[in-house]
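Visitor: no FASTA, just this:
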């Protein structure tokens, strides 16, 4: 604890943006069904969708001092990813910190804890995915770390990894694999468009994916 | 496991539709306060309300193969009711399967597990009541069963039972009792309209329902 | 159990209204970070914000009889605060009771249990903060108490205390401290406006709050 | 609600006892991996293991009146299976009711709610599997039903079904299938004994079950 | 926050001890079914049972400084009752603090958070009822309060109130009501002894409590 | 998915053993309060305490095939650490697999899912820390990975890391840091022995740690 890493690498901004446009489900599938944060991470309002570069915060329970430290490290296109060092639902973040983030080009917040001032954040169009909405205030007494690897809502996140988030939740993509995952995601999207047309025309998945024979082999019986 | 029942009976479509219009709270009361699914079953968007006929799916954890099998059994006016054979929050269902459902006249999904692509599903006006929103992908390796009786979110559901769902949650009505429950529900609605007028006029429930004497008998004291 | 207190004191209506306008986070901070109800208390629709005077209900599990008793005690500007005597998610309250509340000038409901008819309540603009949305019906067999002190969602509430509620949750202010808390809350809002301007201009919290020296003393290291 | 079924059929006592001796895991596997109650059902003390015939109780939340009604229906070898009609953790059952059960040859309690006096119950050797240990008292105001089909902790239970319970949890076996399941369970036990000897000798499951080829086909890579 | 109340009143030690011997279920019933802490409060080992006088601690999340402050206020026969000011599972207390408590005649700990060193505490015969067992360490940076009223696990506790705890959980008795509650508890125990004898002799609760007529009035039907 | 890493490095067996003897709380503190698995990881029986080297398993939900694959990689002194690729409580592991582990010198199991046959495992003295006890059977249809880094119950675990587990829970120590952490842990134990003697003699933590002045500076008031 007590470390701020100032120089971190980030993925290509174009790749980050394109991953955001693919969305969580597609990106998650494209990297072998890995990288999802837990299902309890909910957006404070629906409709937000983004790709962004992670600035990580490991914070003591009930202490949001490190958020101020982290914002100094934020560049345009970054998103804060906060994990408490033990489980906590306190409201680490509100409208003043969001104002500060927006002033620096920050894109949002992923927090395995609580957030508050959600009406203001919604009006500011500042997206947050959180474990809780809770007004509980925090102190500034104990240092944590910024831009260290951490586990957030069950997923391992390194500083500079790509965060993809939408109404389905949050997914992390390793910085080194971002381009490769994007390529697979785009291929997947193209493939899905074809499939969608066939489904719309009334074809069944059983036929589109040739499932009938294998189902019979596995012993499925129609009665 | 491994059975697909192809011919199931359904209730009268007019009855199903009318039950849907009565809504969950009224229908639940009209059948003796039974039939509710657990309170953790939430709609992915507010405002949807329906009555539909259940096509049931008993699916292995993390395996959505049976959804494809079930959709072939869907007729216009049906809704899928999926229970995993052990607790699971994976995203068994997304926009492609919803497209397939809509092409067949399917009305929605009740799932004691996860759903994904919720932004797309909302735009498609495809209603889902689920335990979780979670993008976690599933495999197609193990067979389950379709149109067998099962327990979904704490409620027993037979294939062909009537599902009523709205912003309050989900209620199941036995197929054989659908007409009788509808009759009681309509009577209840009529009765509520009268009560509502009296409440609007400022009368108290204490007087409308003649509660004062019985409260005194039970020992309630005003101080 | 079995007591209804008829004469309770209330705070000054102007103070109550002004506290409501300050919102939960500000009021909570202004009284030393106390008074919050648990984070699981969610509004049934977003955007509602109010200050109101508590009429409390201690109710048996699955029994909403006391709600009728309590509504007779409601004056304009009051809000019901219901705690079950043991944990329960049943739907104690629906649109008829809301109609009755509105007819008496009641402002809403805080309930550490379930609520139903949420689509109607939303259309009626009747705000509710609850633990659950659940249509489960209740009986009228056992008496509880009205206007006694109780614990609701982890917070101690006296009858006549001030309830502040918004999208962030619910906070209770002691009746005797309402004016003093309001004064601090208004001062806090004024202070926040100044801070907001500095954040918007791109200043960092590290500088606005003079944190750098103290962080160094605590051993924070930049690498 | 409000029905007591007095004549129910029971499985053969020898079969019931033998199923109990096989234990939960073996019985569950022998009926196609079905019948388990939820994992939150814990024994109040370790070491108890039994097979028994279900007398079911559907009880209102916070009301244990029906337990008294049910005990009159209990015969030697029976076990009570209680589900509340909505989620509840109250302590429906304590040492006096256990005394009454033992006097009638009752074997224990399965309860999707709370139990109390657990120190006494342990000393009396009266086994209980419950959702909670909670002293919260209950009332006797509202009738429920006895010996009707119900859902207990996620599993469908009919009166007269066989309950198998041990430190692993609780499993229900349909009365009509009890003999057939027992046969499979005994075969499974015999098979396991052979397997156990091979495992003890240091053989690997990979070889005992001939898994290597199929793993390679599925693409498993050793690096 | 930041207050230590040094002089608190305590109940009569004989009364406290006798309440402890009655146990949680009996005491809870004797004070009108009130005073229970939430069902998630578990003993770290079975068999402990006590009555003790509460020294309360309101502690910041993840900060156990106030435990040291509180122990100075402990007298023989006291028990610590700790509530975090926001939900927390950290391990505020371990074997060194227990050693300190025992040296001062302290009797145990009730904590709506975590405890650690439970093997040592068990060997020392130091009873703890907690929300969690969790080794997570805490800091000593922020002051809280000692001997102020607080809400612990859903129950309101004043300093000097009587704590009764056993395998069923924890119950609080108001200091001022301790003698009266004890009297009722002893009467209840005497009454239960008589009932127990009748149950042992095979009588039914239906007859002991004269329930049959009232059940019939409520509409219970035997079929 | 689908990878088995065969050659992993392990820490010095003497260091591993000594860390186990220090126990979870001491080791966790000695590495800067990091490395704990979530508090929901419970031992199936009390009293077990160990240090062991991690063989990791990333397994599909409801599929225990990889456990068989992993056991082939186990050496004397190893412990299995299983994380499902999505949340799951199924019983991946029972007495036959424990028999196989013991035959190879395996020391136990850490599993962020369910375990079964716990009575047998207890009699075999085979320790398990798990999220659930649940008999639910699993299939062998989908491959996962063995000896890859993973997140288990919120903690990042690499193959070859040291696992310390006791009644307080589970802690992971990076392989590379094992010796250094051990050194600190032993120093901490020595220091605690001195402290314990002073606490036993009745000294207060306030004096032993010189807290009084700093508490006054922070504003603590005695009244």
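Guide: Arrived safely, thanks for sending. Please read all numbers here as calculations on a predicted model, not as lab measurements. Numbers count the residues shown, from 1 in each chain, chains lettered A, B, ... in the order given.

Visitor: which residues does the residue nearest to residue A:201 when sequence neighbours are not counted contact?
Guide: Once flanking residues are discounted, residue A:201 sits nearest to residue B:103: 7.2 Å by Cβ to Cβ, 6 or more residues apart in numbering or on different chains. Backbone N, C-alpha and C define where each C-beta goes, glycine included. Applying Cβ atoms under 8 Å, 6 or more residues apart in numbering or on different chains to residue B:103 gives the contacts A:199-202.

Visitor: out of those, which end up buried?
Guide: Among those, the ones that count as buried by 16 or more other Cβ atoms under 10 Å in any protein chain shown are residue A:199.

Visitor: and the contacts of residue B:103, which is closest to chain E?
Guide: When the contacts of residue B:103 are ranked by distance to chain E (Cβ to the nearest Cβ), residue A:199 comes first, at 45.0 Å.

Visitor: pretty sure that closest one is touching residue A:206, no?
Guide: No - using Cβ atoms under 8 Å, residue A:199 is not in contact with residue A:206, being 11.6 Å away.

Visitor: tell me the spacing between residue A:198 and residue B:94.
Guide: Distance check for residue A:198 against residue B:94: by Cβ to Cβ, to the nearest Å, it reads 15 Å.

Visitor: neighbour-wise, which of those two wins?
Guide: Between residue A:198 and residue B:94, residue B:94 has the larger neighbour count (other Cβ atoms under 10 Å in any protein chain shown), namely 23 against 17.

Visitor: hmm, that one is touching residue B:119, no?
Guide: No - in this structure residue B:94 lies outside contact range of residue B:119 using Cβ under 8 Å: 10.6 Å.

Visitor: and residue A:23, how many neighbours does it have?
Guide: Per other Cβ under 10 Å, the neighbour tally for residue A:23 reads 24.

Visitor: so it sits against residue A:169, correct?
Guide: No - look at residue A:23 against residue A:169 with Cβ under 8 Å: they stay out of range, at 10.3 Å.

Visitor: quickly list what's touching both of these two.
Guide: In contact with both residue A:23 and residue A:169: no residue, using Cβ under 8 Å, 6+ apart.

Visitor: spell out which parts of chain A neighbour chain F.
Guide: Neighbours of chain F within chain A, by Cβ under 8 Å from any Cβ of the partner chain: A:1, A:32-34, A:36, A:38-39, A:85-87, A:149, A:151, A:154-156.

Visitor: what about stretch A:100-107, how long is it end to end?
Guide: 11 Å (Cα to Cα, to the nearest Å).

Visitor: what's the answer for stretch A:153-173, then?
Guide: 15 Å.

Visitor: residues in contact with the nearest residue to residue A:88 once chain neighbours are set aside?
Guide: Distances taken as Cβ to Cβ, 6+ apart place residue A:61 nearest to residue A:88, at 4.0 Å, with adjacent residues excluded. Residue A:61 sits next to A:84-88, A:90, E:61-62, E:88, E:90 when contact means Cβ under 8 Å, 6+ apart.

Visitor: one step back: next, show the common contact partners of residue B:94 and residue B:119.
Guide: With Cβ under 8 Å, 6+ apart, residue B:94 and residue B:119 have no common neighbours.

Visitor: buried ones in stretch A:97-108?
Guide: A:97-104, A:106-108.

Visitor: excluding chain neighbours, what is closest to the residue nearest the centre of chain A?
Guide: The centroid of chain A falls nearest to residue A:170 when counting by Cα atoms, centre = their mean (3.2 Å). When the adjacent residues along the chain are set aside, residue A:170 lies closest to residue A:37, with 4.2 Å between them (Cβ to Cβ, 6+ apart).

Visitor: chain center to stretch A:196-215: distance?
Guide: Chain-centre distance of stretch A:196-215: 32 Å, with Cα atoms, centre = their mean, to the nearest Å.

Visitor: which strand runs longest in chain A?
Guide: Longest strand in chain A, counting residues (DSSP state E): strand A:50-59.

Visitor: and that strand, what does it pack onto?
Guide: If you count contacts as 3 or more Cβ pairs under 8 Å, 6 or more residues apart in numbering or on different chains; DSSP states H and E, strand A:50-59 packs onto helix A:13-22, helix A:65-72, strand A:78-84, strand A:145-146, strand A:150-152, strand A:162-166.

Visitor: up against chain E, what does chain A have?
Guide: Residues of chain A lying near chain E (Cβ under 8 Å from any Cβ): A:60-63, A:85-90, A:134, A:136, A:139, A:141-142.

Visitor: go again using 10 Å as the cut-off
Guide: Within chain A, the residues that sit near chain E (Cβ under 10 Å from any Cβ of the partner chain) are A:60-63, A:84-91, A:114, A:132, A:134, A:136-142.
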